[in-house]
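Colleague: Okay, predicted coordinates and the sequence, questions at the end:
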Amino acid sequence: MNVGGLASLEGSRADDMSADAPRCRTTCLECYVVLVQRRVGYLGSSGDMGNRFAVECDGSGRPSTVAWRSGSANEEPADQPQRWRVSRTLAPSEPHGSLNASLGVDAVSWLLEGLSAVVLSMGLPGEAESTLPLLFGSPSVLRFDSPMSERGALSASGDGEKQQGLLDFCLEELCRRTAEADEERYCFGISLWELRGNEGVDLLAGRGQDLTDDLRFETARFRGIERVRGLLRDAGLAAADDSEAAALSWCHVCARIVVFDARRQTLAALHLLQLGAGGAAALLNGRPNGHAAGALAADGRAVRALLDAVALGDEPQADASRLWSVLSPLVGGGNCRSFLLCAVPERPCSEIQASEAQRLLDLAQRAMLITSQCQAVEGVCCEDVRLAELQD
């Protein structure tokens, strides 16, 4: 998107906020790994209690390493544990608010500087119940107690208490930090949509609206935290019940927070993308949704290939996936500071799940090689920014 050609954010494309502009800052992708805790007592194996991922601190005391420890929990492992160095790791015992206080505060500060960012959240196949709360909160998503699950229940916090998702926190923090500013200085907007295979659905313009052709989504103006929380509830992304959580686990959910600063004449966006992973609660007529599972697997491969290519400095190979078309302008050397948020089970229930987790950590560590040239979109006039006024 060229700044001079910006006419409106109403119905703007998902990738419009990856534009170039004069001022520039170089950043590297930052990876946050959250270890999620499995509550035993459900159908299926709880896994070898000696095999686990653990958080380790670096020399400065910063928890920035994930280690795989195998063998009895009461014995020293025979071999050195495999380790992955990331930006920040969070153990299950750490308060959920720690993620918001680190990644969330950092992302909002960046946004208020007039620069754009993207947070990509992903977990293991079939484990959406562990990743959804990180972005969208809701205790009901955590308490997935259905006996249909063969993997047991996962919780992103040990006590299962209500969590504030990263999306809600960033909106609240944004409103709090600008509350004392001149009323005319800031203009806020939000877009919410989901991708199911190659179908794009605008969650603000109506769940029945298919935007498959050009992926253009409504950007709704908001002026306070209660107003935007109402939009989240209307879109089904706040206080989701179990059925809503099950539906969300089979699609990719995207949110974009837009900030126009009239004093600086800058336009910036924070993109939050939750990759669908599927879950045992999401069934079609009582049976696993094989078609949806295949589409999610294909999208997952496309995203991993994109991250690997950009990390190695290669030209990403175009993919037919709609998710790829949304994500590639943002992470693929785009004008966004990148954050990768990964949910990994502390104690995998099987060797297969342990291998999946290790592959995800391998990808996360490689992705930290990704750099971005972040440039402020400057010279934007108030007349150029027209946001939709959605009625309650």
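Modeller: Okay, I see it. Numbering: from 1, shown residues only.
Colleague: So which bits of stretch 350-369 are buried?
Modeller: Residues of stretch 350-369 classed as buried by neighbour count (16 or more other CB atoms under 10 Å): 353-354, 356-358, 360-361, 363-368. Quick note: C-beta positions are derived from backbone N, CA and C, even for glycine.
Colleague: Return the backbone torsion pair for residue 325.
Modeller: phi -70, psi -30 (degrees, to the nearest 10).
Colleague: Tell me how many other residues surround it.
Modeller: A total of 19 residues lie near residue 325 under the criterion other CB atoms under 10 Å.
Colleague: Begin at 26, not 1, for the rest of this chat.
Modeller: In the new count, where the first residue is 26, that last one comes out as residue 350.
Colleague: Could you export the top helix by length along the chain as CSV, keeping only the C-alpha atoms?
Modeller: In the chain, with assignment by DSSP state H, the single longest helix is helix 315-337. In CSV, the C-alpha atoms belonging to helix 315-337 read as follows (Å, rounded to 0.1, in the frame of the first residue of the first chain):
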residue,chain,number,x,y,z
GLY,A,315,-11.2,-35.1,7.8
HIS,A,316,-11.5,-32.4,5.1
ALA,A,317,-10.9,-29.6,7.6
ALA,A,318,-8.0,-31.5,9.2
GLY,A,319,-6.4,-31.9,5.8
ALA,A,320,-6.8,-28.2,5.0
LEU,A,321,-5.3,-27.2,8.4
ALA,A,322,-2.3,-29.6,7.8
ALA,A,323,-1.7,-28.1,4.3
ASP,A,324,-1.8,-24.5,5.7
GLY,A,325,0.6,-25.5,8.5
ARG,A,326,3.1,-26.8,6.0
ALA,A,327,2.7,-23.6,4.0
VAL,A,328,3.4,-21.4,7.0
ARG,A,329,6.4,-23.5,8.1
ALA,A,330,7.8,-23.3,4.6
LEU,A,331,7.3,-19.6,4.5
LEU,A,332,9.1,-19.1,7.9
ASP,A,333,12.0,-21.3,6.8
ALA,A,334,12.5,-19.6,3.5
VAL,A,335,12.5,-16.1,5.0
ALA,A,336,14.8,-17.2,7.8
LEU,A,337,17.3,-18.6,5.2
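Colleague: Remind me what it packs against, helices and strands.
Modeller: Applying 3 or more CB pairs under 8 Å, 6 or more residues apart in numbering; DSSP states H and E, one finds that helix 315-337 makes contact with strand 142-147, helix 347-356, helix 376-392.
Colleague: Report the rounded mean pLDDT for it.
Modeller: What helix 315-337 shows for mean pLDDT is 86.
Colleague: Tell me which residues of that helix come out buried.
Modeller: Counting neighbours by 16+ other CB under 10 Å, the buried set in helix 315-337 is 317-318, 320-321, 323-325, 327-336.
Colleague: Equivalent analysis for stretch 243-252, please.
Modeller: 243-247, 250, 252.
Colleague: Cross those against helices and list the overlap.
Modeller: Counting by DSSP H, the part of these found in helices is 250, 252.
Colleague: which of the buried residues of stretch 243-252 lies closest to residue 201?
Modeller: Here the nearest of the buried residues of stretch 243-252 to residue 201, counting by CB to CB, is residue 250; it sits at 8.0 Å.
Colleague: Ramachandran coordinates for the closest residue to that closest one other than its chain neighbours?
Modeller: Excluding its sequence neighbours, the residue lying closest to residue 250 (CB to CB, 6 or more residues apart in numbering) is residue 200, at 4.6 Å. Dihedral angles phi and psi of residue 200 (degrees, to the nearest 10) take the values phi -70, psi -40.
Colleague: Correct me if wrong: residue 200 contacts residue 249.
Modeller: Yes. In terms of CB atoms under 8 Å, residue 200 counts as a neighbour of residue 249; the distance is 6.0 Å.
Colleague: Many thanks, I have nothing further to ask.
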